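Asks: structure for the following, please:
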Amino acid sequence: MSKRNSRLIKTTGLVLLTVGIAAAVGTLVVRDQLARHRRNLFSSHALRRFAALGYISGLNASVELVHLLRDFVAWEPHRLLRRRARQILLRMEAQLQGAELQGEVVG
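Replies: Sure thing, here's the model as predicted:
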């Protein structure tokens, strides 16, 4: 094996290791953000609840999120936030029904 091939293999391995570490850190950050926004969904501050709804609205529909939004709609004292949550909830339920009709597995 030549020096050039050896250096190429080392560089490729280092790049793959870096990509793997970045993906793992990214996954941890996303999980942390999701947990933080779920906590903020039931915050005593309406602005935090609004921001959490905005974050959740950008997520893919899941059974867990539908249950969370149903709980939030039942709990939320402000009419505007309740209405926004209902809109997101209806969209997610429709997405889940569409996925179910297509035979997809939705978690």
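
Asks: for burial, what's the neighbour tally of the nearest residue to Glu76 once chain neighbours are set aside?
Replies: What sits nearest to Glu76 in space, not counting adjacent residues and going by C-beta to C-beta, 6 or more residues apart in numbering, is Arg82, at 4.4 Å. Just so you know, the C-beta spots here come from the backbone N, C-alpha and C atoms, and that holds for glycine as well. Arg82 has 15 neighbours, counted by other C-beta atoms under 10 Å.

Asks: tell me which helix or strand Arg82 sits in.
Replies: Using DSSP states H and E, Arg82 falls within helix 79-101.

Asks: now swap in Ile21 and tell me
Replies: Element membership for Ile21, per DSSP H and E: helix 3-41.

Asks: starting at the chain centroid, how far to that helix?
Replies: A distance of 18 Å separates the centroid of the chain from that of helix 3-41, by C-alpha atoms, centre = their mean, to the nearest Å.

Asks: show me the shaky parts of this protein.
Replies: Within the chain, the stretches with pLDDT under 70 are 1, 33-35, 37-38, 103-107.

Asks: ok, now with 80
Replies: The model of the chain has pLDDT under 80 over residues 1-2, 30-39, 99-107.

Asks: buried set for stretch 61-75?
Replies: Ala61, Leu65, Val66, Leu68, Leu69, Phe72, Val73 (16 or more other C-beta atoms under 10 Å).

Asks: separation between the residue nearest to Glu76 and Thr27?
Replies: Distance of Arg82 to Thr27, given as C-beta to C-beta, to the nearest Å: 32 Å.

Asks: Arg31: neighbour count?
Replies: Count around Arg31 with other C-beta under 10 Å applied: 10.

Asks: do you know how far it is from Val25?
Replies: 11 Å.

Asks: next one: Gln87
Replies: Gln87 sits 33 Å away from Val25 when distances are taken as C-beta to C-beta.
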